[in-house]
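[1] sequence and predicted model, in that order:
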Amino acid sequence: MRRKMQILLLLFMASLLIASPTLGDDAFIYPNKGQSKKQQDKDKYECYSWAKQQTGFDPMAQPTATAPPPAQEAKQGGVVKGTARGALVGVAVGAIAGNAGKGAAIGAAGGGLFGGMRRRDQQSHEEAEREQWANQQAANYEQNRSKYNRAFGSCMEGRNYTVK
């Protein structure tokens, strides 16, 4: 379970690191007024700084993620606890029916089965929550990056470049 979480987090961080650092590397920037390469580099740096200030997003910084949500539910008993509970109920029912040993065996089997099913359901629920968290982290990153890209493009266009 913990291993799955580590792999999921590692894949999420790797996908963020693969993304290129700035719009300038992704976009085609054409100097409309015959700006020199030196002027274009200066304008790109100034627009990078301005877009970073406007959006609070730095595409050159290593992406960070918030901590994943903790499990909100208390761990439910698995097979062992289910078996023990089932055996106790089985003893009581078996004693009433006249065969406590047989009741305990049936109760233990049923309790173990239901305990295992409850634990698997809880694990599936926790896995879905972690996946939702990872998707939300990626969506937040993409949203912030998109804002930055728009700000950077606006700045470059304001300096007489065509940005596509």
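    Done, it's in. Numbers count the residues shown, from 1 in each chain.
[2] contacts, neighbours, all on C-alpha from now
    OK.
[3] what's the local residue count around residue 28?
    Using other C-alpha atoms under 10 Å, residue 28 has 11 neighbouring residues.
[4] next one: residue 154
    16.
[5] ok, it to residue 63 distance?
    The gap separating residue 154 from residue 63 is 24 Å, by C-alpha to C-alpha, to the nearest Å.
[6] ok, residue 32 next?
    34 Å.
[7] higher neighbour count, the two?
    residue 63 (16 against 11).
[8] for the more buried one, helix, strand, or coil?
    coil (DSSP: H, G, I helix; E, B strand; the rest coil).
[9] give the contact list for residue 52.
    58, 148 (C-alpha atoms under 8 Å, 6 or more residues apart in numbering).
[10] one more pass at 6 Å, please.
    residue 58 (C-alpha atoms under 6 Å, 6 or more residues apart in numbering).
[11] did I read that right, residue 30 in a strand?
    Yes: membership of residue 30 in a strand is supported by three-state DSSP.
[12] give me the pLDDT value at it.
    In this model, residue 30 is scored at 95, pLDDT.
[13] what's the spacing between it and residue 44?
    Taking C-alpha to C-alpha, one finds residue 30 at 12 Å from residue 44.
[14] next one: residue 140
    25 Å.
[15] just residue 136 next, same as before
    From residue 136 to residue 44 the distance is 30 Å (C-alpha to C-alpha).
[16] ok, these two, which is more surrounded?
    Neighbours per residue, other C-alpha under 10 Å: of residue 136 and residue 44, the larger number sits with residue 44, 21 against 12.
[17] can you tell me the SS state at that one?
    Applying three-state DSSP: residue 44 is helix.
[18] can you pull the pLDDT of residue 51?
    Reported pLDDT for residue 51: 97.
[19] for residue 144, grab phi and psi.
    phi -60, psi -40 (degrees, to the nearest 10).
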